[in-house]
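K.L.:
Mind looking at a prediction? Sequence and model below.
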Amino acid sequence: MPSNEHAMLSADQEALAAAAAAAAATTQILSQELMSGYEPLEQQQQQQQQQHARTHTLGAMDHVALHWLPISVLLVYKHPPQHQHQHQHQHGSSLASPPPPPPPPPPPRLPLDFQTLRTALAKLVHHYPHIGGRLHMTSDRAPCIADLDAGVELRQASCTFSLYGHAHAHAHTEGQTQAQAQAQAQAQARPRSVHDLPQSGAPFVRPAAAAAAAQSDSLESHAAAAAAEPLFSVQHTRLACGSVILGIQARHILCDARGFFHLVRNLAHLYRRLRTSKPAAHHLVHLDAAQLLHCQSYSHVPPSPPLDFEPSMYSLSQTREADAGAGAGAVPHSEEAPTPRVIGRVLRVSAVQMARNKLQAQAQASSAPDGSWVTTFEALSAHLWQRIYAARLAAASDQGAAATPVSTAYMSPADWSGQARLNLSPNYFPNCIFNTTFHAPPELLQQTNSIAPLARYIHVESRKLTVEGARNTLSWMQRQPDKSLIEMKPPFERGMFVITAWHKLACYRDVHFDELPLPAKEEYVVEQGFHHHHHHHHHHHHHHHHHHHHHHHHHHHHHHHHHHHHYLVAPPITPTSLVDGLIYALPAPPPHQDSAVHLCIALSQPVWHHLDRDAVFLALADACA
């Protein structure tokens, strides 16, 4: 349902009450512990080997990752609201001869048992011992992982917030007003994005102290904070309604987003194996000793590149004061001028809108001599970048002479693990990212009548790195005596356009912990394409008049799937993700994961001020909240 319709129908009091409830919710940490999977080697082995086993060597890909940056993701598992009398009028008068009502199913078990999660996490650390380590710097000023027995952090918390707000207080009363029914339908659909959660989800993950230190000036405080922080942490928060928010955080030194979801899937797999006596039907991953071989970071070095090889995307810092030790992970120092507040919002772009956008770009470009092919993602990036650039120019002209020049830089991380690229094992989980970075000509950014030239520019720049170039770049990195001097080219700058394509990651695949998997698609819909008509299946217990549309055997058979798993997988909005210009493209929550993308966009207040008045931008995206 488009958001403007939502806005017209919603009961304002309900919306305000829900917002107030989220603001007032308090989260309490109940327990906190460190768990280690490190096991000392047999006694007869040499002392030095034991010492060696306590550190984990990283590869060049990990050295240049923004290693202080946390990857944080919330996984929301809903517990269905309990309505005792739901089954009495399940088959209301819409059916000519109602069949006898089935016996009510037993109330579903609460999702995500904490003790089982704890055991599963202990097993995960056993398979990947180095995720329990701590970050240290080696003699060539490169990060490494040591103290493998320090442990991962597990936190148990409870929160006074309910996903159903006040809506189920008057649920299923016969004389519902339309507004009440609508409010209830909305509660049933929550959370649509992290904005439906208290403080946009920030209380549900471990606060990252090292990230704050990395942005401070003192290298000592950075190193000290980094050495003390766990690299992997899990927070299990039980909400007042029985639902669970699992907040998982990994530091980027361990893995990129693809590897992160690999770990989450393995944790879920181990949990399910503990919960069910019978072996899982699909063997997601055989976790065994062989698995550990894939933890070794990519360090297969081809014959050395020519000594005059100049990598296209990295250079050595000329100015030594580039935060020694922060290297490619350095964050620009804050200038003297106070910077405006950065605000994170989640917007929804439908696949129909994206397809239209892409076709428009290709039609405009078909006359271009160098071909016109662009991907949907490139067309979307070009569209967003043009609108944000225009808003930045407008905000700068408001400031007058005091304004800093508007950045024309672009950055987008690309996964290089695939077959056509470095062809790594599917179980490989450390970093394998090359960032596409470049400056675009300002005239392409300012072109008002066409996104095609900019989309095409992004397309060409994103394909400049060849497999040979990537291998040469890796061995060039490994040859550098001082890894902290390696920096991105062009370097990170304020106001840069940064877009991360998480919608390509299958974030919702195999991340269910309890028995019932989420139906990948609506099971009654066979043909491909975008089905905007089926959102009511998810709320079918309060749309009684829809029941005669379904075949009844389908309806009963999938009853539990829908209730147990209307869930959300998304990064919370935290101080570390509030970087002006950072955009995550995420899949929309099921069942719309193939029909829409959610854009989590962080921009400074003056830029939002102008975007909110930009008709072209507003036409592209709907607000999720």
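P.N.:
Sure thing, it's come through.

K.L.:
going forward, measure contacts and count neighbours with C-alpha atoms only.
P.N.:
Noted.

K.L.:
you'd agree residue 250 is in a strand?
P.N.:
Yes: membership of residue 250 in a strand is supported by DSSP: H, G, I helix; E, B strand; the rest coil.

K.L.:
What is the burial count for it?
P.N.:
Residue 250 has 25 neighbours, counted by other C-alpha atoms under 10 Å.

K.L.:
What residues does it make contact with?
P.N.:
70-72, 231-233, 260 (C-alpha atoms under 8 Å, 6 or more residues apart in numbering).

K.L.:
Looking at those residues, which gets the smallest pLDDT?
P.N.:
Of all the contacts of residue 250, residue 70 carries the smallest pLDDT score, 88.

K.L.:
Do me a favour and average the pLDDT over stretch 196-208.
P.N.:
92.

K.L.:
now swap in stretch 311-322 and tell me
P.N.:
66.

K.L.:
Then stretch 454-461?
P.N.:
Mean predicted lDDT for stretch 454-461 stands at 96.

K.L.:
all strands of the stretch 301-450 of the chain, in order?
P.N.:
Assigned by DSSP state E, counting those that start in this stretch, the stretch 301-450 of the chain shows strands spanning 314-316, 342-350, 409-415, 433-439.

K.L.:
what's the closest of the ones you listed to residue 30?
P.N.:
Among those, strand 342-350 comes nearest to residue 30, with 28.9 Å by C-alpha to C-alpha.

K.L.:
gap between residue 429 and residue 152?
P.N.:
Going from residue 429 to residue 152 by C-alpha to C-alpha, to the nearest Å gives 17 Å.

K.L.:
higher neighbour count, these two?
P.N.:
Using other C-alpha under 10 Å, the more surrounded residue of residue 429 and residue 152 is residue 152, with 27 against 24.

K.L.:
tell me the contacts of that one?
P.N.:
34-36, 125, 131-133, 230-233.

K.L.:
And those, which is closest to residue 268?
P.N.:
residue 125 (13.2 Å).

K.L.:
buried stuff in the strand or helix carrying the closest one?
P.N.:
Element membership of residue 125, judged by DSSP states H and E, is helix 114-127. Within helix 114-127, the residues that count as buried by 16 or more other C-alpha atoms under 10 Å are 116-118, 120-127.

K.L.:
helices or strands up against it?
P.N.:
In terms of contacts (3 or more C-alpha pairs under 8 Å, 6 or more residues apart in numbering; DSSP states H and E), helix 114-127 is packed against strand 152-159, helix 257-275, helix 289-293.

K.L.:
Just want the angle from it to strand 152-159.
P.N.:
Interaxial angle, helix 114-127 versus strand 152-159 (axes from the mean of the first three to the mean of the last three C-alpha atoms, to 10 degrees): 160 degrees.

K.L.:
Okay, angle between helix 114-127 and helix 257-275 too, please.
P.N.:
Using the same axes, to 10 degrees: helix 114-127 against helix 257-275 is 120 degrees.

K.L.:
Alpha carbons of helix 114-127, as CSV, please.
P.N.:
Taking C-alpha atoms only, helix 114-127 is exported to CSV below (Å, rounded to 0.1, in the frame of the first residue of the first chain):
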residue,chain,number,x,y,z
PHE,A,114,18.3,-17.5,24.8
GLN,A,115,20.1,-20.6,26.2
THR,A,116,20.0,-22.3,22.8
LEU,A,117,21.4,-19.2,21.2
ARG,A,118,24.2,-19.2,23.8
THR,A,119,25.1,-22.8,23.0
ALA,A,120,25.0,-22.1,19.3
LEU,A,121,27.2,-19.0,19.7
ALA,A,122,29.7,-21.1,21.7
LYS,A,123,29.8,-23.6,18.8
LEU,A,124,30.2,-20.8,16.2
VAL,A,125,33.2,-19.5,18.1
HIS,A,126,34.6,-23.0,18.2
HIS,A,127,34.5,-23.1,14.4
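
K.L.:
what does the helix or strand following that helix rub up against?
P.N.:
Scanning forward in sequence from helix 114-127 by DSSP H and E, the next helix or strand is strand 134-137. Defining contact as C-alpha under 8 Å, 6+ apart, one finds that strand 134-137 is touched by 143-148, 150, 223, 226-231, 325.

K.L.:
Tell me the buried residues in strand 134-137?
P.N.:
So, applying 16+ other C-alpha under 10 Å, buried residues of strand 134-137: 134-136.

K.L.:
counting contacts, what elements does the helix or strand that comes right after that strand pack onto?
P.N.:
The helix or strand immediately downstream of strand 134-137 is strand 143-146, counting by DSSP H and E. Counting contacts by 3+ C-alpha pairs under 8 Å, 6+ apart, strand 143-146 packs against strand 134-137.

K.L.:
if you set the cut-off to 10 Å instead, what comes out?
P.N.:
Other elements packing on strand 143-146 under the criterion 3 or more C-alpha pairs under 10 Å, 6 or more residues apart in numbering; DSSP states H and E are helix 47-53, helix 60-63, strand 134-137.

K.L.:
what is the mean pLDDT for the first one?
P.N.:
Taken as a whole, helix 47-53 carries a mean pLDDT of 44.

K.L.:
I'd like the distance between residue 237 and residue 159.
P.N.:
Residue 237 is 7 Å from residue 159, by C-alpha to C-alpha.

K.L.:
So if I had to pick from these two, which one is more boxed in?
P.N.:
Per other C-alpha under 10 Å, whichever of residue 237 and residue 159 has more neighbours is residue 237, with 27 against 21.

K.L.:
Next, that one: secondary structure please.
P.N.:
Reduced to three states by three-state DSSP, residue 237 is strand.

K.L.:
Just give the nearest non-adjacent residue to it, would you?
P.N.:
Using C-alpha to C-alpha, 6 or more residues apart in numbering and skipping the chain neighbours, the partner closest in space to residue 237 is residue 157 (4.5 Å).

K.L.:
so who does the one you found touch?
P.N.:
27-32, 203-204, 235-239, 244-245 (C-alpha atoms under 10 Å, 6 or more residues apart in numbering).

K.L.:
sorry, back to before: quick check on the contacts of residue 152: which are buried?
P.N.:
Buried members of those, scored by 16+ other C-alpha under 10 Å, are 35-36, 125, 131-133, 230-233.
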